[in-house]
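Student: 3D model of this:
(2 chains)
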Amino acid sequence: MDRRTFLAYNAAAAVPLSGAGVAYAETLGAGPAGNGPTIDFKSNLPAKGSFPDKWICGSSSLMDNTDPPWQVHWYNEHTAILRQNKAYSYEAPFAPLYFGNDRILLLDEGFVQLRNDCDLRGIVDATIEEWCARNGKNPAAMELLVAFSHLHADHYAAVNQFADRPNTRYMGLTHEEMVGFWGMTNFPEERVTLDLGGREVLIWGSPGHVVSEFAYYDSYTQILYTGDMFYRGRCYISFWDIWFDSMKRLIDFVDTHPVTHVMGCHVEISNDDVDYPYGLTYQPDEAPVEMTVQQLRDTFEFAKTVTEPGIYFTGTVFLCNETRSTTTIDKYPYRYS
Amino acid sequence: MPQSQSTNTEVVGHSQMAAGRTYPNGNPDAGFNPPGVKNTDSAVPPQPRSRVVHDYACDGPAPGRIAFRWTYGSNVAAKNNDPRVQVMQYNEDTFILRQNVCVHWEAPFTYLLFGNKGALLIDNGATANPAHYPLRETVDAIIARWAKARGRTSVPLTLAMTSGEDIAQNQGLAQFAGRPNTTIVPTPLAAMKDFYGLLGSWPNGTATIELGDRAITVIPTPGAHKDGVSFYDPYCDFLFTGDILFPGKINIGNDRDFVTSLERLKAFAAANPVKWIMGGHIEMMFVPGKYYPRFATYKPYERLLEMEPYLIDEAITYAREVQGKDMILIRPDFVLLNGVSPDQRTREWPEGVPNIAPPRPF
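Tutor: Residues are numbered from 1 along each chain as shown, chains lettered A, B, ... in the order given. Okay, the predicted model is just below:
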C-alpha cells in the first residue's frame, strides 16, 4: 500500500469515528457478534486501575541490565502501559495500549527502530494475545491502530515493525498524514472521537512542543495522555504561544470532563524534584509518570507568569521556554574559584 | 620390511600393527589430552632464569603502537558483548586500558606503565563494582604476566590519578584497597601535595614517581579539577593529561588556573620531547568539531585518542578567548566549556573548519 492509497483509504471510509466506526467494523466481519463476548466499557466509570510503585529505570552498568526491553504494566484488565528500558534507549518513553471490543490503540512506539534490537512488535503481539485469551477474543479479528503522540523519533521509531502486521493501520510520518489519520480538518481545535468498540478515545490537537502533536483522553480509564507537551520532566516548548493555547484547551477539557490522571511520555525528574539530565540512563529515584489534574492547573497558573525564554520549575515540571541551546539545568560540578 | 628409525609407530601406527588399523588423522580413543602434555604457556615470552633489567634509554620515543580501534559501545547498550576492560598493549612496558562504554558512558582510559622497580597505574575508571568493571583483576593479570616475562616475583604498584576528585577516574580505587605491595596516592588535595612533596611548590614545582630507570614526572595542572595533575613518561614521550586536555568537551573548573596550567604544559613540552598527549576520554567524532553528547553509549565514529603536542598552543589560544566568559567554544579537536552546563550547545561554528555532518547510526 503506497502512501497515497493509504491516505485515501483513511479519508474515504476507514476512520472509525463514533457511529460510523461500528458500521465499518461490521464490514470487516470483526463486529462484536463475531468476536467473543462484548465488554462493557461504559459503566462504573472511571475504570479502576493502578500504576506500579516503581517502573524499570535503567541501571548503573547498562550491559549488566537484566530488565526486559519493555516493561508491560496492566493498569487494569483492559489497559496496558508499556515503558521502554533505558538500556535500550535513554528516552525510555511510555506507551499506553488501550483495548476495545473491536480494535486496539497503541500510542507511541519507542526509540529503537530495528526489531532485532528491541522487539516492540513481538511484545505488543504477545500482550494482545494475552488480553484476547483472557477475554475470549480472536486476535486476528482485532484491528490494531499504531499511532503516536507527536512527530518525534523517540515516539515513532518502531512504527515500521508493524508494517507487515495484518489488520493493522499505522500513522504516517508527516503532519498531513497524522491529522488525516484521525480525520481532522480543523487542527488543533477539532476534537474527534475514536471508537475502539464500546470504548471511546477523544483526540485533539496539542501543539507547542512540536506542531504535530495530539492529546488523547481515554473515556474508560479517564487518563489524559499529554505526550511531550506536558510531562514529569523538561517540557521543551518550541513555540510558547501555541503551547499556551494548547494548555488552555487542556484546562477547558479538565473543566468539563472527569480526569483521573494526567500522563506524559517520559519521566526526567526525581521524587525530590532533582532534574535527571538529558540522556541519563539510570534514574533510581524517579518520580511517578502520572500527574494530577491539580498539577496541570498549577502549571497553567505558573505559565501565565512566564514572559521570557528560559527554564522554569513549576513545582511539577520544568518549562523550557524556547531554550533550544540548553537541554539541562546542571552545571559542571567541579567548578572552583 | 625394515622399519624407518624416524617413524614413531606408537604414535602414528602402520598397517602391520596388531590392531591392523592406521590413524592418519589421529586416534580419537587416545584422548585429547594425553599425559605428558603440559601447559607450555606459549603466549608468554620465554621465561628468563633471572631478573631481566630493561634498558629504558632510547633515542626518541620508545616504539609502540595502538594496533586496534577502541571499543565504542553499541546501539542497544543492554546487548553489548565487548570486554568490560579493553587492554591495548602499546609496547612491552606500556598498557592502555579502556572502560567499556556500556559499563559507564565516560569510558575513561587508564594507563599502566612498568619500570625496572615497579608499575604505575594512572587513573582507575568510573565504576567501583568489580563484577561490572574488573579493573583490579585485569591489572593483576597484566602484572603477573609481565612479572613472569621479566623474571620478577613481585612488582610494586603505585596508583595515581590525574584528578583524585573526579568520579569518572577514581572509582576503581576501592578494588585495590588492601592489595599487597601497593601505594595509593591519597586523594585529598593537601595529602596528595604532601605525597608528591609539592606542599611548598604547588602548582609550579614538579615531582617524580620513580619506576626504576623510568622516572615519571608529575606536573600540577589544576584547571579542570582543583587537584588536577598531568604525568610525563620519558620512555614513550607521552603526556597524560586527564581532563585538562583531551579530545572532547573540556569543562573548565577555573579559567585562570586552566590557562596557567596549559602554559605550564607548553613550557614542559618545549623542554622535553612529547610524542602524544594522552587524555582521559574521547568525546569528539572523527569529523572536526563534532562530538558525542553526554551519556552516549554508542560512539562508533570516535576521534583518535592521541593528540599532537601542537594542540597545547591551540588550547592556550582559545582558553584565553573563553577566559572570564560563560561560553562554549568549538575547535576541531576539542570543545571548551567555561561556566556553562555540560550540555550547553552553540550555533557558533569555528571559521575555516569544514562543517561535515557525521554519519548517523539507527
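Student: residues in contact with the closest residue to chain B within the stretch 151-300 of chain A?
Tutor: Closest residue of the stretch 151-300 of chain A to chain B, Cβ to the nearest Cβ: A:Gly279 (3.6 Å). All C-beta atoms are positioned from the backbone trio N, CA, C, and that covers glycine. Listed by Cβ atoms under 8 Å, 6 or more residues apart in numbering or on different chains, the contact partners of A:Gly279 are A:90, B:293-296.
Student: out of everything not next to it in sequence, what's closest to it?
Tutor: B:Phe295 (3.6 Å; Cβ to Cβ, 6 or more residues apart in numbering or on different chains).
Student: In terms of pLDDT, where does that neighbour sit?
Tutor: B:Phe295 carries a pLDDT value of 95.
Student: what sits against it?
Tutor: If you count contacts by Cβ under 8 Å, 6+ apart, B:Phe295 has them with A:90, A:277-281, B:105.
Student: In PyMOL, select just the buried ones from those.
Tutor: A single PyMOL command selects the buried members of the contacts of B:Phe295 (16 or more other Cβ atoms under 10 Å in any protein chain shown):
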select buried, (chain A and resi 90+277+278+279+280+281) or (chain B and resi 105)
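Student: Out of the contacts of B:Phe295, which is nearest to A:Leu319?
Tutor: Lowest distance from A:Leu319 to these (Cβ to Cβ) belongs to A:Tyr278, with 15.3 Å.
Student: Would you agree the closest one is in contact with A:His266?
Tutor: No: with contact defined as Cβ atoms under 8 Å, A:Tyr278 and A:His266 do not form a contacting pair (10.4 Å).
Student: Any residues of the stretch 251-362 of chain B in contact with chain A? List them.
Tutor: For the stretch 251-362 of chain B, the contact set with chain A under Cβ under 8 Å from any Cβ of the partner chain comprises B:251-254, B:293-297, B:337, B:339-347, B:362.
Student: Mind giving me the ChimeraX select for the residues you listed, buried ones only?
Tutor: Selection of buried members from these for ChimeraX, criterion 16+ other Cβ under 10 Å:
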select /B:251,252,253,254,293,294,295,296,297,337,339,340,341,342,343,344
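Student: what's the closest of the contacts of B:Phe295 to A:Pro288?
Tutor: Of all these, A:Pro288 sits closest to A:Leu280, with 17.4 Å by Cβ to Cβ.
Student: Quickly find the element holding the closest one.
Tutor: Assigning secondary structure by DSSP states H and E places A:Leu280 outside every helix and strand.
Student: mind checking pLDDT for it?
Tutor: If you check A:Leu280, the pLDDT there is 95.
Student: give me the element the closest residue to it other than its chain neighbours is part of.
Tutor: Distances taken as Cβ to Cβ, 6+ apart place B:Phe295 nearest to A:Leu280, at 5.6 Å, with adjacent residues excluded. Assessed by DSSP H and E, B:Phe295 sits outside every helix and strand.
Student: and which of the contacts of A:Gly279 is nearest B:Gly200?
Tutor: For the contacts of A:Gly279, the nearest to B:Gly200 is B:Arg294 (38.4 Å; Cβ to Cβ).
Student: just for the chain, where's the confidence low?
Tutor: Picking chain A for this. Within chain A, the ranges that satisfy pLDDT under 70 run A:1-34, A:325-327.
Student: wait, I meant chain B there
Tutor: For chain B, the stretches with pLDDT under 70 are B:1-20, B:36-45, B:362.
Student: What segments of it are helices?
Tutor: Ranges of helices in chain B, per DSSP state H, are B:9-12, B:135-149, B:189-196, B:255-271, B:310-322.
Student: cool, the stretch 51-200 of chain A as well?
Tutor: For the stretch 51-200 of chain A, applying DSSP state H, counting those that start in this stretch gives helices covering A:120-135, A:153-156, A:175-181.
Student: need these in TSV with mean neighbour count, can you?
Tutor: As requested, the helices of the stretch 51-200 of chain A are exported to TSV (neighbours: other Cβ atoms under 10 Å in any protein chain shown):
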stretch	mean neighbour count
helix A:120-135	17
helix A:153-156	22
helix A:175-181	19
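Student: So which of these is nearest B:Asn91?
Tutor: Distance to B:Asn91, taken as Cβ to Cβ, is lowest for helix A:153-156 among the helices of the stretch 51-200 of chain A, at 44.9 Å.
Student: quick check, that closest one touching chain B?
Tutor: No: using Cβ under 8 Å from any Cβ, we find that helix A:153-156 stays clear of chain B, coming within 10.1 Å at best.
Student: Mind giving me the packing neighbours of that helix?
Tutor: Using 3 or more Cβ pairs under 8 Å, 6 or more residues apart in numbering or on different chains; DSSP states H and E, no helix or strand is in contact with helix A:153-156.
Student: which residues are contacting it?
Tutor: Against helix A:153-156 from outside (Cβ under 8 Å, 6+ apart): A:89, A:91, A:93, A:108-111, A:148-149, A:171, A:173, A:227-228, A:265.
Student: just the buried members of the residues you listed?
Tutor: Looks like the contacts of helix A:153-156 have A:89, A:91, A:93, A:108-111, A:148-149, A:171, A:227-228, A:265 buried, using 16+ other Cβ under 10 Å.
Student: Which ones among these map onto strands?
Tutor: With DSSP state E as the criterion, strands contain A:Gly227 from among the buried ones among the contacts of helix A:153-156.
Student: who in the stretch 101-250 of chain B is up against chain A?
Tutor: Near chain A, the residues belonging to the stretch 101-250 of chain B are B:102-105, B:127, B:129, B:131-133, B:163, B:165-166, B:224-226 when assessed by Cβ under 8 Å from any Cβ.
Student: And the contacts of helix A:153-156, which two are furthest apart?
Tutor: A:Ser89 and A:Met171 (19.6 Å).
Student: What sits closest to the residue nearest the centre of chain A if chain neighbours are left out?
Tutor: Centroid-nearest residue in chain A, with Cα atoms, centre = their mean: A:Leu107, separated by 4.4 Å. Using Cβ to Cβ, 6+ apart and skipping the chain neighbours, the partner closest in space to A:Leu107 is A:Pro96 (5.0 Å).
Student: Could you check how far the one you found is from chain B?
Tutor: A:Pro96 sits 23 Å away from chain B, going by Cβ to the nearest Cβ, to the nearest Å.
Student: list the contacts for that residue?
Tutor: Counting by Cβ under 8 Å, 6+ apart, A:Pro96 touches A:75, A:79-82, A:105-108, A:216, A:218, A:223, A:225, A:263.
Student: And the furthest pair within the residues of the stretch 101-250 of chain B next to chain A?
Tutor: Farthest apart among those by Cβ to Cβ are B:Ala131 and B:Lys226. That separation is 31.8 Å.
Student: between those two, who's got more neighbours?
Tutor: Neighbours per residue (other Cβ atoms under 10 Å in any protein chain shown) separate B:Ala131 from B:Lys226, with B:Lys226 holding more: 17 against 9.
Student: can you pull the contacts of that one?
Tutor: Contact partners of B:Lys226, counting by Cβ under 8 Å, 6+ apart, are A:334, A:336, B:165, B:189, B:253-254.
Student: just A:Gly110 next, same as before
Tutor: A:70, A:84, A:88-89, A:91, A:93, A:95, A:118, A:120, A:154-155, A:157-158 are the contacts of A:Gly110 under Cβ under 8 Å, 6+ apart.
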